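Asks: predicted coordinates and the sequence they were generated for:
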Amino acid sequence: MKKQTYYNSLLIGLLINVSFILIFVNSLQASLIKSTRWRYIVIHHSGTKIGNLKIFDNYHRSRGMKNGVAYHFVINNGTAGRGNGQIEVTSRWKRQIHGGHCRQNWVNRTGIGICLVGNFDKTYPKRNQIRSLVSLIKLLRKRYFIPISNIQGHGHLNGEKTNCPGKNFPIKEVKKMLISAEEKSLSIN
């Protein structure tokens, strides 16, 4: 009788451990699948002097986009009641659905769209916008393992025929800032 109780206890303990391992593996698989969904970061400019998430959402809906604003994030320039460098998270990101920010569907399915308010063919992005952009990209890269080579301006993607994010957008400097920040975090003092 004591042996049977011992074996029953052992079996129950083993089943609990196996259940825990299966739950852990399933959650790990789910997080890995989720983390590989996004493979690119695509930077845009609004092409406008002013704007914010609500304005762009209304405009995109008026153009027939049923999911609203095409981007996943909007980085403001201090106009339309938003702070300079303020990041707004769109419903596309909250719902983790594809973007509508490029002509090519593969880019929308795999690329995180970030729009900075401004027309960077005529002006330059504000310093706070660039700081916010770099901070946001650092977080996204860490979470989704996106290489710096997959951070592109909209018009730099093959097949996209646009000047976005504008001739004055400092894509090389942004990438240098990301590399520098990465090197600092890896260095041992």
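Replies: All right, it came through fine. Numbering: from 1, shown residues only.

Asks: helix, strand, or coil at the nearest residue to residue 163 once chain neighbours are set aside?
Replies: Closest residue to residue 163 apart from its sequence neighbours, by C-beta to C-beta, 6 or more residues apart in numbering: residue 155 at 5.3 Å. For the C-beta atoms, the positions are set from N, CA and C on the backbone; glycine is no exception. Counting by DSSP: H, G, I helix; E, B strand; the rest coil, the backbone at residue 155 sits in helix.

Asks: what about residue 74, helix or strand, and which?
Replies: strand 73-77 (DSSP states H and E).

Asks: need the pLDDT of the nearest residue to residue 124 once chain neighbours are set aside.
Replies: Once flanking residues are discounted, residue 124 sits nearest to residue 168: 4.8 Å by C-beta to C-beta, 6+ apart. Here, the pLDDT recorded for residue 168 equals 98.

Asks: any idea which helix or strand carries residue 168?
Replies: Counting by DSSP H and E, residue 168 is part of no helix or strand.

Asks: please report how far it lies from residue 121.
Replies: For residue 168, the distance to residue 121 equals 7 Å [C-beta to C-beta, to the nearest Å].

Asks: pLDDT weak spots in this structure?
Replies: 1-36, 186-189 (pLDDT under 70).

Asks: one more time with 90, if that's ok
Replies: For the chain, residues meeting the criterion pLDDT under 90 lie at 1-37, 102-106, 108, 155-161, 180-189.

Asks: how is it partitioned into domains?
Replies: Per automatic domain parsing, the structural domains of the chain span 1-35, 38-186.

Asks: any idea which of those domains is most buried?
Replies: Among the domains of the chain, ranked by average contacts under mean count of other C-beta atoms under 10 Å, first place goes to domain 38-186 (a mean of 17).

Asks: residue contacts, residue 89?
Replies: Contacts for residue 89 (C-beta atoms under 8 Å, 6 or more residues apart in numbering) come out as 72-73.

Asks: for this protein, just list every one of the helices.
Replies: In the chain, the helices defined using DSSP state H lie at 2-35, 53-62, 91-95, 105-110, 127-144, 171-186.

Asks: other SSEs contacting the last one?
Replies: Applying 3 or more C-beta pairs under 8 Å, 6 or more residues apart in numbering; DSSP states H and E, we find helix 171-186 packed against helix 127-144, strand 151-153.

Asks: could you check the angle helix 127-144 makes with it?
Replies: Interaxial angle of helix 171-186 relative to helix 127-144 (axes from the mean of the first three to the mean of the last three C-alpha atoms, to 10 degrees): 60 degrees.

Asks: so who does residue 151 touch?
Replies: 40-41, 43, 137, 141, 174-175, 178.

Asks: for the residue sitting nearest the centre point of the chain, what are its contacts?
Replies: By C-alpha atoms, centre = their mean, the chain has its centre lying nearest to residue 112, at 4.4 Å. Residues in contact with residue 112 (C-beta under 8 Å, 6+ apart) are 38, 40-42, 72-73, 93, 99, 140, 144.
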